[in-house]
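1. Build me a model:
(one chain, ligands or ions: 1)
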Amino acid sequence: MLLTLYKSALRPIEVKALLKLKIRGNRYAPPGEPLETLAGKLDDKAFCYAALAKVSRSFAVVIQQLPEKLKDPVCVFYLVLRALDTVEDDMQLPLDKKLLLLESFHEKLEDEKFFLEGVGDHNDYRVLLKNYPKVTRMFKTLDKNSRRTIIQITAEMGKGMADFSQKEIETLADFDLYCHYVAGLVGIGLSGLFVASGLEKLSLNHRGRRSNAMGLFLQKTNIIRDYHEDLYADRTFWPGEIWRQYASNLDDFAKAPESENALACLNRMVTDALRHIPDCMDYLGQIQDEKIFRFTAIPQVMAIATLAKLYNNHRVLRGVVKVRKGLAARLMVYNVDLNKVHAYFEKGLRQIEKKCKNGTPYGAETKKQIASIRSEIKKHSRKI
Ligand code: MG
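-> Predicted coordinates for the structure are as follows:
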């Protein structure tokens, strides 16, 4: 906390927001007792929220900002996908067993007896899977449309994860498809839940490319930021079609992060992620409910701020680069509307543009991409 405050010290509005959020965060702090103990004494709903607070504290805080009738569906949706991802990430699980589980995971929502023991590389994840009947019973209390959305997304994601546990992300099309499975589908599912709640209109086009783009933009940002961490965990998400143009092994960039090739590849990855911005802006422009707007817009603003920081930044290739927590706090505490979101995006694009000087690897291409994004956003906002 102290270090976080220090980093935001020249931005008093962020310091204020951080302190406010600290108070709010304490209200939703994860229960002190282990999840295992809580599972023995909490009812289904209380267990689900306790599990959410344990597996993702930040999401547990953000979910509290949603309209009341969306909290339960989004909480269950998150836990089901977390459980599915736990199966995908468990490297001890034999492949044939894993594939079977991934492909049938959506059916388990209809089976109150289903649970797994000893699966998961984190204790809270293992407890979640061991107590999965609590999630299934909570799922049963949701309305029909929300249930249908959750089952459908889980089925598609499970199938996609199974496909990709047997192949590498090689082409740019593979990269977009993988990100669609693990994140685009989350965007599509959330849109489905927003529409099911009656708070958003069907025109949100919840099967469409705009919901998908919301997930892709966030996922690609994380994949670029986590290059170093993933490399050492033996995971590769950067598409070969891109990085092979600059190196013979992906870890060459970590060995020479300041080389022209390493930066060209990094900048090209960021430029590719920027491509989704016009669709994200269109999506946000369609959201009617103020609370849903905040819930969907904040991660996007954090992503553009992160990309601006990652661009042409060799430190990404040899460690962790993070965005100030103060910005997140400021966004969560103070009002955010479409104009402000546009301004944050414009600021991020300007910061990237400033880094595209003569001689910046891939800089000329990035500048072109930014110009085309600006003209697309302009064209679309005129339509709205
Ligand atoms: Mg995973």
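2. Could you look up the SS state of Tyr49?
-> With DSSP: H, G, I helix; E, B strand; the rest coil as the basis, Tyr49 sits in helix.
3. Could you tell me which residues make contact with whichever residue of the stretch 151-300 of the chain sits closest to the ion?
-> Residue nearest to the ion within the stretch 151-300 of the chain (C-beta to the ion): Val182, separated by 6.5 Å. Where C-beta positions appear, they are placed from N, C-alpha and C, glycine not excepted. Val182 makes contacts with 85, 157, 160-161, 219, as judged by C-beta atoms under 8 Å, 6 or more residues apart in numbering.
4. filter these down to the ones near the ion?
-> Among the contacts of Val182, the ones lying near the ion by C-beta under 5 Å from the ion are Asp85.
5. hang on, Asn267 packs against Thr360?
-> Yes - the criterion here is C-beta atoms under 8 Å, and Asn267 meets it with Thr360 at 7.1 Å.
6. Which helix or which strand is home to the nearest residue to Pro73 once chain neighbours are set aside?
-> Excluding its sequence neighbours, the residue lying closest to Pro73 (C-beta to C-beta, 6 or more residues apart in numbering) is Ser146, at 4.2 Å. Using DSSP states H and E, the element containing Ser146 is helix 144-164.
7. State the separation between that helix and the centre of the chain it belongs to.
-> In terms of C-alpha atoms, centre = their mean, to the nearest Å, the gap separating the centre of helix 144-164 from the centre of its chain is 17 Å.
8. how about it: buried residues?
-> By neighbour count on 16 or more other C-beta atoms under 10 Å, the buried set for helix 144-164 is 146-147, 149-164.
9. next one: stretch 173-186
-> By neighbour count on 16+ other C-beta under 10 Å, the buried set for stretch 173-186 is 174-176, 178-186.
10. Using JSON lines, lay out those residues together with pLDDT and secondary structure.
-> Formatted as JSON lines, these follow (pLDDT from 0 to 100; DSSP: H, G, I helix; E, B strand; the rest coil):
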{"residue": "Asp174", "pLDDT": "97", "secondary structure": "helix"}
{"residue": "Phe175", "pLDDT": "98", "secondary structure": "helix"}
{"residue": "Asp176", "pLDDT": "98", "secondary structure": "helix"}
{"residue": "Tyr178", "pLDDT": "97", "secondary structure": "helix"}
{"residue": "Cys179", "pLDDT": "97", "secondary structure": "helix"}
{"residue": "His180", "pLDDT": "97", "secondary structure": "helix"}
{"residue": "Tyr181", "pLDDT": "97", "secondary structure": "helix"}
{"residue": "Val182", "pLDDT": "95", "secondary structure": "helix"}
{"residue": "Ala183", "pLDDT": "96", "secondary structure": "helix"}
{"residue": "Gly184", "pLDDT": "96", "secondary structure": "helix"}
{"residue": "Leu185", "pLDDT": "96", "secondary structure": "helix"}
{"residue": "Val186", "pLDDT": "96", "secondary structure": "helix"}
